[in-house]
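In: need a structure here:
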Amino acid sequence: MDAILDLKAKYPEEFSGVKATEKEIDESAYPLNKNKPVLLIKKNGQTIAYLSGEKSKGKIMEYLEMTMKKNEETVMD
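Out: Numbering: from 1, shown residues only. As a prediction, this is how the structure comes out:
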């Protein structure tokens, strides 16, 4: 969650419509390991990227920035 807050501070306009929610993995339609954290990145109800397992804050930020750049026109309208 810290990585998301840092990116919101760095890219306030791009993150203006972003909301973060926490859910139990069984609420998701993904066959992922319940014992590991998972970050799903969704837009308009569709998952466009995900990251699972224990990752450092720096790795999470790097992945999110890469996803933002890759989906610049579609991820953060």
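In: quick one, strands of this structure?
Out: 38-43, 46-52 (DSSP state E).
In: State the mean pLDDT of the longest one.
Out: Yep, that's strand 46-52 we're talking about. Regarding strand 46-52, the rounded mean pLDDT is 83.
In: That one packs against which elements?
Out: strand 38-43, helix 57-70 (3 or more Cβ pairs under 8 Å, 6 or more residues apart in numbering; DSSP states H and E). For glycine as for every other residue, the C-beta is placed from the backbone atoms N, C-alpha and C.
In: elements contacting the longest one?
Out: Going back to what we said before, that points to helix 57-70. By 3+ Cβ pairs under 8 Å, 6+ apart, helix 57-70 packs against helix 2-10, strand 38-43, strand 46-52.
In: between the shortest one and helix 2-10, how many degrees?
Out: It refers to strand 38-43. With axes from the mean of the first three to the mean of the last three Cα atoms, to 10 degrees defining the directions, strand 38-43 sits at 40 degrees from helix 2-10.
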